[in-house]
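Chemist: fold the following, please.
(3 chains)
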Amino acid sequence: MVEATKKRNKIFDYFTTEDQFSGGVAWCAGCPLELIARTVPKVMGNKVVFVGTPSCSAPVLHGQNIGAWHKCSYLACVMTGVASSATGLSRYFHRTNQEATVVAFTGDGCATDIGFQTLSGAAERNERFIYLAYDNEGYMNTGNQRSSSTQKGAATTTTPVGKVGKGKPTAQKNMTMIMLMHKPRYMATANPAYMEDFAKKLQKAKELCKEGFVYLHVFSPCPVGWRIDSNSVIEVCRTATRTNWFPLWEAENGKPRLTVEVAAPKPITEFTKLMRKFSHLKEDGLAELQREIDERYALLKTLVDAAAKQT
Amino acid sequence: MKAKKGKISVMMGNVVAANVARLCRPEVVACYPITPQSEVAETMSGFVADGSLDAEIVEVEGENSAMNVCLAASVAGARTFTATSSYGLVYMYDAIMQASGYRAPVVMINVNRETPGIHAVSSGQQDMIATRDAGWVQIIVENNQEIADQLIMCYRLAEDYDIQLPVMLNYDGYYLSYLNEEVEIPEQSDVDAFLAPLKNQPQRPRIIPGAATGCGTHGMEMGYVEARYKHWAAMDRAKKKVDEIDQQFADYFGRSYGGQIEEYRMNDAEIAILASGSAAGTAKTVVDTKREEGIKVGLVKQRLFRPFPEERLIAALKGKKAVGVIDRSVGFGWKYGPMCTELKAIAPSIGNVPILSYIDGLANLDITIPHIGRVVDEVNAAAKGNAYQAVTWIPME
Amino acid sequence: MVIKHQWIFKTESPWSDANQKMLVLDTGGWRTERPVLDKSLCNYCGLCSLYCPPQCMRDKGDHYEVDLAFCKGCGICAHECPKKALTMKPEGEFTNEG
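Modeler: Sure, this is the predicted structure:
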């Protein structure tokens, strides 16, 4: 018998509005992107204006003829122009005193590749909107091709494993570091396995985007492309943080701070074994990947420690 | 009601464009500098800096962003302004199509310059030609006064509820962009008065936070067909609207440009030259000279390039014995220049007469009085039944 | 040209309007397995609801109930349930329920 003192999880208190999306939408079973998308207006409210692109989110963010899949206002734009379109919208909303939270909602392919220039430009101009990049480490909507956010060794349809091919030969672009160097008003990494952490960051993003540019980098493993059992997607998310594959941190005005401390990070093989995109990697390949993750985390930790000393 | 006499100044074309853009009170401005347009961007930024323009100015990191900023602000309800040229126009190509597909009434100056492929920091209309099928209204002007006046008319056209189309105002790089010429700049109150009718029309759709509407929904099957049809129909309506606005402009400001096309000494002309942009000014001089020599020649200055002024051209050219078309660009895939190719499409309605294509003025090579004089002579000979060359690259001979 | 087409958009360009038409997919039909709750084990922690991508776990005050109209059967709820109160069962077992 369960205790009579059942209390709702406090995470629900972060939700300010009901789900703005239709009950049935075309995201794959188990896709964390669906969870991320539904959570954004739940926390930020229904004055969210989405700016979306061709992407896994496009079939849902953008309607079909007059029909819509959600109740937020939105602008569908070209993949190159998400950050600049969000600029145009937020500038005009501010000028005309219209309350709005403009959220450019794109994948890593847009953020790290084709839309990178306009993202960097908007961050440098300190435009007042939120750029949320959901990172599934590749072009998943078009069928799992590599992006510059694909990690070294990963097998994708454009970095296949074969007699010669060993998966992606180069390391993942360190996008969060690049964005940190833009010194945005606020930036954070987030992970749907850590919902309260995610919700807090969305709340903060909504407030701080009134003052300047906000960048959110959200982990979003693709069950189809990464070849993960759909039920273990959240476990993959959690393990990504516990292995330092995807550390959780935030930075106000360029000063990074860990929001989830991992006391004893697990080896990345705990993460890679949960999916098949790295199943071809042998010991040396995995060791190389571990080195990459360790180096990356050490850099972050150095900056976190330095920022802590400054304050 | 008539406009007050505006201030007469000597200004270069780019500065004229910026000054008049300011008078049109754009709310969001995004320009990326490119030769020969840079003074437009600089001057707009200067206006905001000195407080004489109250606009959101976005110093974008590229033309693609300039167009995206403008189209997004435009679908939110803003009046927008941008200016570009050549490589810049090509670099915003995806966003250009987005702007017209969304029926965003963005007004853009395009200072004509040659396009990528061969590096050429020089005048030519190839950039405009490269974007002719993007669904924009494209207008070409001849001189600095026409830049000023047409820019005001562009806002009336773009934001007209029956039109809702982005408009590209083209003028020749170098020839006009850097030409200092006497220009009458209208008073602010008169520009306001001329643009006032835009306020008394239904509200076009716009993105409103919380309103649960979205711009850029997938056009599914007949939804796509319908949107394309409406765009096509609006392009067709724009032709007459250009004439109407020109007439209203003439009534108020006392200056007229003929709307879709300007006809110069065409009434009793037996043969005609078709030209556009600054070369049309030179062509008028040649027409006058050739008239003195007894050749009954007239000029059609094509102002509206997209939509193609089919009906006006037929009315102007019907019954003429021969036509010479001077193109400042190349129509890859066709023998003739782009404007000539298009004129040939309506040739049956003009009459079965020789239409001679001339390619000239590429890469800042002047379209000179002797060049146009030669065109008139050859067209005149063709009209008399003499053999003629279908296409002539004037600088190559 | 005589237009027989019934206009879809009131606007000149393609705009969607959630006030006029909300779209909904029968994602329940995708399912091959469904979560079944053993209420006696549920401690109402809410993790099943929090992590559910389509957000189709309904709050019943002391437990959560899956909305089968939308549940895609991904199994995250059962996998994340700390009390093992949810079990994924093949749809074949429920064919008579329609």
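Chemist: list phi and psi for the spatially most central residue of chain A.
Modeler: The residue lying closest to the centre of chain A (Cα atoms, centre = their mean) is A:V218, at 1.9 Å. In terms of degrees, to the nearest 10, the main-chain angles of A:V218 are phi -110, psi 130.
Chemist: which parts of chain A are strands?
Modeler: Along chain A, the stretches classed as strands by DSSP state E are A:48-52, A:73-76, A:101-107, A:130-135, A:186-190, A:214-219, A:249-252, A:255-258.
Chemist: where does chain C dip in pLDDT?
Modeler: For chain C, residues meeting the criterion pLDDT under 70 lie at C:97-98.
Chemist: so which residues on it come close to chain B?
Modeler: By Cβ under 8 Å from any Cβ of the partner chain, the part of chain C that sits against chain B consists of C:5, C:7-9, C:11-19. For glycine as for every other residue, the C-beta is placed from the backbone atoms N, C-alpha and C.
Chemist: which of those tops the neighbour count?
Modeler: C:S16 (31 neighbours; other Cβ atoms under 10 Å in any protein chain shown).
Chemist: which residues touch that residue?
Modeler: Residues near C:S16 by Cβ atoms under 8 Å, 6 or more residues apart in numbering or on different chains: A:H62, A:G63, A:Q64, A:N65, A:I66, A:G67, A:A68, B:T213, B:G214, B:T217.
Chemist: neighbours of the fourth one, how many?
Modeler: Applying other Cβ under 10 Å, we find 23 other residues in the vicinity of A:N65.
Chemist: burial measure for A:K301, as a count.
Modeler: That count, for A:K301 with other Cβ under 10 Å as the rule, works out to 15.
Chemist: against A:M175, how distant is it?
Modeler: 18 Å (Cβ to Cβ, to the nearest Å).
Chemist: burial-wise, tell me which of the strands of chain A comes out on top.
Modeler: strand A:101-107 (a mean of 30; mean count of other Cβ atoms under 10 Å in any protein chain shown).
Chemist: now that strand: how far from the chain's centre is it?
Modeler: Distance, stretch centre to chain centre, for strand A:101-107: 11 Å (Cα atoms, centre = their mean, to the nearest Å).
Chemist: tell me how far the residue nearest to A:V304 when sequence neighbours are not counted lies from chain B.
Modeler: Excluding its sequence neighbours, the residue lying closest to A:V304 (Cβ to Cβ, 6 or more residues apart in numbering or on different chains) is A:P256, at 5.0 Å. Applying Cβ to the nearest Cβ, to the nearest Å, the value for A:P256 to chain B is 25 Å.
Chemist: OK, contacts around A:P54?
Modeler: A:V78, A:M79, A:N141 are the contacts of A:P54 under Cβ under 8 Å, 6+ apart.
Chemist: with A:T96 instead?
Modeler: Per Cβ under 8 Å, 6+ apart, neighbours of A:T96: B:G77.
Chemist: surely B:L343 touches B:V325?
Modeler: Yes - between B:L343 and B:V325 there is a contact at 5.7 Å, judged by Cβ atoms under 8 Å.
Chemist: which of those two has more neighbours?
Modeler: Legend: neighbour count by other Cβ under 10 Å for B:L343 and B:V325, higher for B:V325 (27 against 24).
Chemist: the strand or helix carrying that one - which strands sit beside it in the sheet, and in what orientation?
Modeler: Assigned by DSSP states H and E, B:V325 belongs to strand B:322-327. Strand pairing for strand B:322-327, using DSSP bridges, gives strand B:271-275 (parallel), strand B:355-359 (parallel).
Chemist: hmm, who's touching the strand or helix carrying B:T43?
Modeler: Following DSSP H and E, one finds B:T43 within helix B:38-49. Helix B:38-49 is contacted from outside by B:12, B:14-15, B:17-19, B:21-22, B:29, B:31-33, B:53-55, B:57, B:59, B:81, B:83, B:109, B:111, B:177, using Cβ under 8 Å, 6+ apart.
Chemist: contacts for the next helix or strand after that helix, please.
Modeler: Counting by DSSP H and E, the element after helix B:38-49 in chain order, helix or strand, is strand B:56-58. The contact list for strand B:56-58 (Cβ under 8 Å, 6+ apart) reads A:87-88, A:91-92, A:94-95, A:125, B:27-30, B:44-45, B:48, B:65-66, B:69, B:73.
Chemist: any of the residues you listed buried? List them.
Modeler: Those of the contacts of strand B:56-58 that meet the buried threshold are A:87-88, A:91-92, A:94-95, A:125, B:27-30, B:44-45, B:65-66, B:69, B:73, by 16 or more other Cβ atoms under 10 Å in any protein chain shown.
Chemist: among the residues you listed, which are in helices?
Modeler: Judged by DSSP state H, those include A:T87, A:G88, A:R91, A:Y92, A:H94, A:R95, B:M44, B:S45, B:S65, B:A66, B:V69, B:A73 as members of helices.
Chemist: mind putting the residues you listed into a markdown table with pLDDT?
Modeler: Shown next, in a markdown table, are those (pLDDT from 0 to 100):
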| residue | pLDDT |
| --- | --- |
| A:T87 | 98 |
| A:G88 | 98 |
| A:R91 | 98 |
| A:Y92 | 98 |
| A:H94 | 98 |
| A:R95 | 98 |
| B:M44 | 98 |
| B:S45 | 97 |
| B:S65 | 98 |
| B:A66 | 98 |
| B:V69 | 98 |
| B:A73 | 98 |
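Chemist: out of those residues, which one sits closest to A:K200?
Modeler: Nearest to A:K200, judged by Cβ to Cβ, of these is A:H94 at 24.9 Å.
Chemist: B:Q150 contacts B:G259, doesn't it?
Modeler: No - using Cβ under 8 Å, B:Q150 is not in contact with B:G259; the gap is 10.6 Å.
Chemist: between the two, which one's more packed in?
Modeler: Neighbours per residue (other Cβ under 10 Å) separate B:Q150 from B:G259, with B:Q150 holding more: 26 against 22.
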